[in-house]
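K.L.:
Just to be clear, the model below is a prediction. Sequence and coordinates:
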Amino acid sequence: MTERRVVMVGRMRAELDAALRERYDAVGLDEADPDTAAKAAVAVTSGVWGVRGEHLDRLPGLGAIVNFGVGYDSTDVAEAARRGVAVSNTPDVLTDCVADTAVGLVIDVMRGFSAADRLVRRGDWAAGTMPPLARRVSGSRVGIVGLGRIGLAIAQRLTAFDATIGYHNRRERTDVPYTYAARVLDLARESDVLVLAAAGGESSRHLVDAAVLDALGPDGFLVNVARGSVVDQDALVAALVQGRIAGAGLDVFADEPHVPEALLGRDDVVLLPHIGSATVETRAAMIDLALANVERFLTDGTLVTPVPA
Ligand code: DGY
């Protein structure tokens, strides 16, 4: 059997870090001596960090990269495949929570709940001020960009709100009752709220640009639970500041944890610190699945949830 060595690339959640150290005597790549790094069979990382060429150079014996999180765009999967290194992620277990987050953001930004909460806390209600009227969520037209597992879960939830669902996907799906748009621009034009659930990476980079935001228009909202890279963030800030869209609910940003200064004082945005999957239950399930991938690879050289190379 391959030498039992596991390294961590980047800072892991405390529970995952502790489990990896206890079960596999794992160390961080930054604390590993060259000999330890050379013997590593598995690298555990997360969407925040990722494993790329410069890490792989230090890990010549690596067989697998185990990514904590469904999104693995921070890992160079093509380079890993070229070196014969397989990659896994943690799909399914976080679908519900990320979809819940998307729906929460849709409701919050369209109804203005966070802004109204701030108004109450400031004492403005007591002083006689009411927030402006908001937008109706029920019966609205929702455009979903990326109809994978999470996009589908968002569609199913919003169907209960009598929403009309349209979607854009790399490929049209024949197994859903929703209206397909071949271009994001056309979907935006037909949507009251555009919800981003596409995978990150080069293929979806800046899929939402100034033209798409203008197609969404001054009454339209943007919600992003995917990756900051899917949106041209400068164009988004400009569209908000100039009133060219109505508002945005964002769980992800281009340069996390940094959020554009121009957004911080605005009531037409809801800003979350990338907490789409951050519940006790889901994070525990993600840790279990990441550990199952490590164990499986060290046992028989396969992965429980491999991603396509
Ligand atoms: C992931 O797992 O990639 C998500 O960003 C979690 O919120």
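P.N.:
Good, I have the coordinates. Numbering: from 1, shown residues only.
K.L.:
Surely Val223 forms part of a strand?
P.N.:
Yes: Val223: assigned to a strand according to DSSP: H, G, I helix; E, B strand; the rest coil.
K.L.:
so it makes contact with Val195?
P.N.:
Yes: assessed by Cβ atoms under 8 Å, Val223 is found in contact with Val195 at 4.6 Å. The C-beta positions use only the backbone N, C-alpha and C, and glycine is treated the same way.
K.L.:
shared neighbours of the two, anything?
P.N.:
Ala102, Val106 (Cβ atoms under 8 Å, 6 or more residues apart in numbering).
K.L.:
what does the protein put close to the ligand?
P.N.:
The chain has residues Gly47, Gly69, Val70, Gly71, Leu94, Val98, His274, Gly276, Ser277 near the ligand, with proximity defined as Cβ under 6 Å from any ligand atom.
K.L.:
Which strands or helices does the host helix or strand of Arg118 pack on?
P.N.:
Under the criterion of DSSP states H and E, Arg118 resides in helix 113-121. The criterion is 3 or more Cβ pairs under 8 Å, 6 or more residues apart in numbering; DSSP states H and E, and there are no helices or strands that helix 113-121 contacts.
K.L.:
Need the contact partners of that helix.
P.N.:
By Cβ under 8 Å, 6+ apart, helix 113-121 touches Ile107, Asp108, Trp125, Thr129, Pro131, Asp267, Asp268, Val270.
K.L.:
Kindly indicate the member of those with the most neighbours.
P.N.:
Counting neighbours by other Cβ atoms under 10 Å, Val270 leads those with 24 neighbours.
K.L.:
my guess is that one contacts Gly249, does it?
P.N.:
Yes: counting by Cβ under 8 Å, Val270 touches Gly249, with 4.3 Å between them.
K.L.:
So for the two, which residues contact both of them?
P.N.:
Leu105, Asp108, Val109.
K.L.:
Of these, which is the nearest to the ligand?
P.N.:
Leu105 (12.5 Å; Cβ to the nearest ligand atom).
K.L.:
Tell me, how many residues neighbour that closest one?
P.N.:
Counted with other Cβ under 10 Å, Leu105 comes out at 26.
K.L.:
hang on, the earlier thing: out of the shared contacts of Val270 and Gly249, which comes closest to Ala153?
P.N.:
Leu105 (14.0 Å; Cβ to Cβ).
K.L.:
Figure out the helix or strand that the closest one lives in.
P.N.:
helix 95-111.
K.L.:
one step back: which of the shared contacts of Val270 and Gly249 lies closest to Asn169?
P.N.:
Leu105 (20.5 Å).
K.L.:
which non-adjacent residue is nearest the closest one?
P.N.:
Closest residue to Leu105 apart from its sequence neighbours, by Cβ to Cβ, 6 or more residues apart in numbering: Gly249 at 3.1 Å.
K.L.:
need the contact list for the one you found.
P.N.:
Leu105, Val106, Asp108, Val109, Phe221, Leu222, Val223, Asn224, Val269, Val270, Leu272.
K.L.:
same check, this time on Leu236
P.N.:
Val208, Leu213, Leu222, Ile245, Ala248.
K.L.:
Going by secondary structure, the spatially closest residue to the third one that is not a sequence neighbour is in what exactly?
P.N.:
Here the nearest residue to Leu222 in space, its sequence neighbours aside, is Ala248; by Cβ to Cβ, 6+ apart that works out to 4.4 Å. Assignment of secondary structure by DSSP H and E places Ala248 within strand 247-250.
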